[in-house]
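>>> structural data only, the sequence is not supplied:
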Ligand SMILES: Nc1ncnc2c1ncn2[C@@H]1O[C@H](COP(=O)(O)OP(=O)(O)O)[C@@H](O)[C@H]1O
Ligand SMILES: [Mg+2]
């Protein structure tokens, strides 16, 4: 590849991790992680509890410094890229009496942005209404958030992350505590964010199944190491047995994928069935 091509390729990556290593509390939490993510690509980060998923997001957000390796966002250092990244933290259950309306929650995403406070009242309201419409939340825009369902709340958090128009959104376990129907709705919404709006999505979850219809690639984490590729390339007995360091089986039933024997324990368990 010519150096010009290499340059173009590099610029084309919204997120680039190379040779990433993170140690926490004297333990290697992430080792040798390499990842390049394109504009509008949807990457699912899958792994059991403690696999290092949240740590990976914190590294991308610049909240955890890697011991080795590089993180570049649109070719920039993470510290110069804050405005390019939206973040949906692990969900929370607001107090039912919290006097915060849905639209106020979404507006918080505007106030974190550099230009958030400089918008006039009408412009500001327009931006908030627009973000509410992206996630089909107009209907409950003026309701207190403590009265909303988990799925409705999750949609608002996606709108909050999108309102400042980032190039990439990171979501940490956005499907936890949602019923299957709401999980599918949130996945469908986030899939459209990636594939129709061109925003790069990195979504963390312990169960890959809800993501199968939309995910372009999977980053499967176990023992601090990662396997990266399409689902067909990564979610295979040979690949995952190597990743886990012991034999696991990949079983497909009724359109679902189960990884059997995939935890670090000796027992036959399903690593992706619960968190
Ligand atoms: N600040 C920290 N200090 C020490 N160990 C940590 C710290 N944060 C996370 N860990 C450990 O790193 C591992 C990965 O954690 P985490 O990234 O939260 O996993 P996941 O999100 O996949 O459940 C766990 O073993 C966890 O205990
Ligand atoms: Mg986590």
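Yep, it's here. These figures come from a predicted structure and were not determined experimentally. Ligands and ions are numbered 1, 2, ... in the order given.
>>> phi and psi next, for residue 193.
Reported as degrees, to the nearest 10, the phi and psi values for residue 193 are phi -60, psi -40.
>>> what about it, neighbour count?
Neighbours of residue 193 under the rule other Cβ atoms under 10 Å: 24. For every residue, glycine as well, the C-beta is placed using N, CA and C.
>>> for it, give its distance to ligand 2.
If you measure residue 193 against ligand 2 using Cβ to the ion, to the nearest Å, the figure is 21 Å.
>>> that residue reaches residue 202, doesn't it?
No - checked against Cβ atoms under 8 Å, the pair residue 193 and residue 202 is beyond contact range at 11.6 Å.
>>> can you pull the residues that touch both of those two?
By Cβ atoms under 8 Å, 6 or more residues apart in numbering, residue 193 and residue 202 have these common neighbours: residue 169.
>>> okay, the closest residue to residue 221 other than its chain neighbours: pLDDT?
Distance criterion Cβ to Cβ, 6 or more residues apart in numbering; nearest residue to residue 221, sequence neighbours excluded, is residue 47 at 3.5 Å. Residue-level confidence at residue 47 comes out at 95, pLDDT.
>>> near ligand 1, which residues of the stretch 51-200 of the chain show up?
Taking Cβ under 6 Å from any ligand atom as the test, the list of the stretch 51-200 of the chain residues beside ligand 1 reads 51, 52, 53, 54, 55.
>>> contacts only, for the second one.
When contacts are counted by Cβ under 8 Å, 6+ apart, residue 52 is found next to 22, 29, 30, 221, 224.
>>> how about the strand or helix carrying the second one and ligand 1, any contact?
Assigning secondary structure by DSSP states H and E places residue 29 in strand 27-37. Yes - for strand 27-37 and ligand 1, the contact criterion (Cβ under 6 Å from any ligand atom) is met by residue 29.
>>> and the contacts of the next helix or strand after that strand?
Counting by DSSP H and E, the element after strand 27-37 in chain order, helix or strand, is strand 42-46. Under the criterion Cβ under 8 Å, 6+ apart, residues 35, 37, 53, 56-57, 190-191, 194-195, 200-208, 211, 214-221, 272 lie in contact with strand 42-46.
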